[in-house]
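Enquirer: let me see the structure of the following:
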Amino acid sequence: MCGILACLASTDDGPAMRARVLALSRRQRHRGPDWSGMFQWKNSFLAHERLAIIDPASGDQPLFNEDKTVSVCVNGEIYNYKELREQILAKHPNKKFATDSDCEVISHLWEDHGEKVAGMLDGMFSFVILDTRDGTFYAARDPIGITSLYIGWGKDGSVWVASEMKCLKDECLKFQQFPPGHYYSSKTMSFTRYYNPQFYLEFEASPPQCPSTPYDAKVLREAFEAAVVKRMMSDVPFGVLLSGGLDSSLVAAIASRAIKSSDSVWGNKLHSFCVGLPGSPDLKAGREVAEFLGTDHHEFTFTVQEGIDAISDVIQHIETYDVTTIRASTPMFLMSRKIKALGVKMVLSGEGSDEVFGGYLYFHKAPNREEFFQETARKVQALFQFDCLRANKSTMAWGVEARVPFLDKQFLNVAMAIDPAEKMINKAEGRMEKYILRKAFDTPEDPYLPAHVLWRQKEQFSDGVGYSWIDGLKDHANNVVSDQMLAAAQHRYLDNTPRTKEAYFYRSLFESHFPQKAAADTVPGGPSVACSTATAALWDAAWAGNEDPSGRAVAGVHDSAYDKPAAN
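Expert: Residues are numbered from 1 along each chain as shown. Model prediction:
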């Protein structure tokens, strides 16, 4: 991944404006420490901060079509770029590509397909196209929002697009998250949704419909294996984040098998990484899985105080005040710095599984298959505000790219089409959370994982790094936020008013970095239990007034559930 910044149709095309765009782009240079690029055409500017993963030698950006009339600035990876190149060359046998970059195909596809280009890509991406033949521009974001992207409008009517909000906050009167699965065109000056999978259409139907495809373990397993292997495309060293939970362990198991059977220039042993407080559940479980898989495993520890000391920096990087996102981002932020120090630029990670399969512990309370499906659809559509934001920005703060195979387009088509009755949790029948995913990889004759790991209870990342992490955060917030401050929160923060001292603490730090109202409006709100949406928080009357995003908030489900409502 990289960092992109575009200023389009400005009223100023002078040297001062160019210098301003360059200065704003430097704010996200942590995303792309390998090279910086700039293209100016009249009163439009494309700036790029590069993290070189594919074709490090010649893939600097912005990239162009053959006659350089179309320029493109891209953040992300295009996994089907080789197939797209073949299609382009079949139609234009004499066309010359200037680089081996996976992203160059975008400029050439634009020539033939125009605004259909985003829907042709298989990958994680955000990009801006500037067509100098007619002065038009086009911006798009990947279907789920794995890459971060924001859009804003300047005082002079200019349109700004950036990977991170910090580039726009002082230049735009209005700015917002760029909606995933959409493109924005200068021809209409509006958004168009190009990503319309069947499960979105079913969810949005009136009345809502429900998937009904029977569960097939082999089909699900093979779809996920393909998604992982696809993301091992790299010209630089890579590894896998391994917490020892189901999702990261499955990613590691598949990647480990694939790398052992390939001729990778990085050898046949996968590097794995885990972080936690000393003695945490994740460290123990990650170590056990690493030994089983034979990975070259790296453990990193941190103290509660070290985590607290980093929180202001974390919030400045991840650009949110959401409680659960900050809890989980801080260990990931600290781990990513260590990973980068080892010379690794890309990691595979397990985000998305809980949304797709209903893996959060509150799904135990889903009243029926219809509600279960609707909540998974809501969670997938909201990933760009939570786990995708965390995975992208916590790692890219140190120039490390995280790839998430559970959010592969083809895998989503398979997994979200399964009848949600198959995903529902029934402890009496031995069906725990993510039962069908676990069952798909329960192959005793050739085990992917140890059986007790495959069937380990769900731990949210912020819990698994050590229960005292969240307890320590609450204690710290209780010391720095008074009862009087919390009581007055509704007057200081009219929107998304903090309900707890911990939330107030994060909100005040966010405000110190991003004082603009538009910045605060990019963060979602509402009650949540164990990461539920506000709608699912109504499933159990006992949750009312006891909202907490930790999995331990689900009394009677988590093995280490809170004994009583948390006071702070």
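
Enquirer: looking at this structure, which helix or strand is least sure?
Expert: helix 461-464 (a mean of 61; mean pLDDT, DSSP states H and E).

Enquirer: next SSE downstream of it?
Expert: helix 467-480 (DSSP states H and E).

Enquirer: tell me what that following helix is packed against?
Expert: helix 304-318, helix 323-341, helix 461-464, helix 501-513 (3 or more Cβ pairs under 8 Å, 6 or more residues apart in numbering; DSSP states H and E). Placement of C-beta: from N, CA and C, glycine included.

Enquirer: give me the pLDDT value at the residue of the chain positioned farthest from its centre.
Expert: Largest separation from the mean C-alpha position in the chain: Asn94, at 38.3 Å (Cα atoms, centre = their mean). At Asn94, the pLDDT value in this model is 95.

Enquirer: element containing it?
Expert: If you go by DSSP H and E, Asn94 is not part of any helix or strand.

Enquirer: and it, how far from Ser186?
Expert: Here Asn94 is placed at a distance of 30 Å from Ser186 (Cβ to Cβ, to the nearest Å).

Enquirer: also Arg337?
Expert: 39 Å.

Enquirer: compare those two (neighbour count), which wins?
Expert: Between Arg337 and Ser186, counting by other Cβ atoms under 10 Å, Ser186 is the more crowded of the two (19 against 16).

Enquirer: hmm, that one is touching Ala139, no?
Expert: No: look at Ser186 against Ala139 with Cβ atoms under 8 Å: they stay out of range, at 9.1 Å.

Enquirer: report the central residue of this structure.
Expert: Cys388 (1.7 Å).

Enquirer: let me see the ranges of the helices in the stretch 401-550 of the chain.
Expert: Applying DSSP state H, counting those that start in this stretch to the stretch 401-550 of the chain gives helices spanning 409-415, 435-440, 451-454, 461-464, 467-480, 483-487, 489-492, 501-513, 517-520.

Enquirer: deepest-packed of the ones you listed, please.
Expert: helix 461-464 (a mean of 26; mean count of other Cβ atoms under 10 Å).

Enquirer: ok so, going back, comparing the helices and strands packed on helix 467-480, which yields the minimum mean pLDDT?
Expert: Minimum mean pLDDT among these: helix 461-464, a mean of 61.

Enquirer: count the residues that sit near the residue lying closest to Phe384 once chain neighbours are set aside.
Expert: Leaving aside its chain neighbours, Phe384 sits nearest to Gly145 (2.6 Å; criterion: Cβ to Cβ, 6 or more residues apart in numbering). Number of residues near Gly145 (other Cβ under 10 Å) recorded here: 26.

Enquirer: Gly145 touches Cys388, doesn't it?
Expert: Yes: using Cβ under 8 Å, Gly145 is in contact with Cys388, at 5.3 Å.

Enquirer: now do stretch 291-298: everything it contacts.
Expert: Residues external to stretch 291-298 that are found in contact with it (Cβ atoms under 8 Å, 6 or more residues apart in numbering): 240, 242, 252-253, 256, 269-274, 286-287, 290, 338-339, 342, 449-450, 453.

Enquirer: narrow these to those in helices?
Expert: Of the contacts of stretch 291-298, the ones assigned to helices by DSSP state H are Ala252, Ala253, Ser256, Gly286, Arg287, Ala290, Lys338, Ile339, Val453.

Enquirer: state the phi and psi torsions of the closest residue to the second one other than its chain neighbours.
Expert: Nearest-residue entry for Ala253: Tyr448, 4.2 Å, with adjacent residues in sequence omitted and distances by Cβ to Cβ, 6+ apart. The phi/psi pair for Tyr448 (degrees, to the nearest 10) reads phi -80, psi -40.

Enquirer: ok, Tyr448 - contacts?
Expert: Under the criterion of Cβ under 8 Å, 6+ apart, the contact list for Tyr448 reads Leu250, Ala253, Ile254, Arg257, Phe441, Leu454.
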